[in-house]
Structure formats: structure tokens, C-alpha cells
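Novice: Structure of the sequence below:
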Amino acid sequence: MPIGASSETPTVLTRKFKRSRMPDIRKSISPNKEFDKSELKERLTPTQYRVTQEHQTEKQFSNQYYKHREAGVYKCIVCGIDQFSSQTKYNSGSGWPSFYDVMDKQNIRCRKDASGV
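Specialist: As a prediction, this is how the structure comes out:
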């Protein structure tokens with residue numbers, strides 16, 4: 001799985017010249033930014049909320065970006081920052097979108113995942 005998240009986290013894919021529907025709140029964003037949980041529950045799908053806020057994972061081989069091949073940028077569904085480029089996407093065989101690099105390392109917070117151990 002890509003660094004720091006499942007496919008539900010970087011769910012907004014935009015073409016190079018297409019505007020995202022997410023609010024432009026990047027000026028105040030950092031990987032440590034807190035968001036109002038009730039607002040997120042209204043804005044996100046139940047799966048998106050569980051994945052981004054409760055550290056859960058959606059079922060592999062079934063998410064909308066697993067076989068997505070369109071060129072563009074994957075953005076965080078919560079804060080709108082660019083996370084991954086489609087140019088760095090590859091098929092890892094894991095059932096989730098995988099990327100070998102991030103757009104900006106300062107916008108990504110990595111944590112060790114020992115849930116499967």
C-alpha cells in the first residue's frame with residue numbers, strides 16, 4: 001500500500017487543468033492539521049471517514065482507484081493537498097493503488113503499521 005494511507009485517502013484525482021471540487025485550504029495545511037470530526041462525517045463517505053480518521057482499510061481489489069489509469073494528481077480527500085502523481089503509480093499486486101514517490105515529502109506523515117503483525 002502507498003506510504004501513509006489506503007486508496008481512500010488520496011481519492012480526488014484531477015487532470016492537470018481541471019479544478020478540484022475541494023475547498024482550497026492548503027495555506028493552513030500541515031500533516032498535523034486537525035479537522036472537525038462532525039464536518040468530516042457529513043462530507044466524507046462512511047468508508048472514507050473510517051480510512052482517514054479511524055486508520056482502517058477498505059477491501060482490497062475493490063476501490064475506485066485500484067485500476068484507475070487516468071493521468072493526474074491524487075489529492076487528500078480531507079485537506080486537498082497533492083499527495084501522489086499518476087506518473088509514480090504502479091501495480092504492486094496488493095489490491096490498492098501504489099506509488100513509488102510522493103509529491104512533497106513535507107505534506108506526508110509516515111507511521112509504522114504493525115496492525116498485520
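Novice: Spell out, range by range, the strands that occur in the chain.
Specialist: Along the chain, counting by DSSP state E, strands occupy 12-14, 73-75, 82-85, 89-90, 98-99.
Novice: Give me the sheet partners of the last one and which way each runs.
Specialist: To tie it back to what came earlier, the one meant is strand 98-99. If you go by DSSP bridges, strand 98-99 pairs up with strand 89-90 (antiparallel).
Novice: Residues in contact with the strand it pairs with: which ones?
Specialist: Contact with strand 89-90 is made by 97-100, as judged by CB atoms under 8 Å, 6 or more residues apart in numbering. Every residue, glycine included, has its C-beta placed from N, CA and C.
Novice: Go through the strands of the chain and pick out the most buried.
Specialist: Most buried of the strands of the chain, by mean neighbour count (mean count of other CB atoms under 10 Å): strand 73-75, with a mean of 23.
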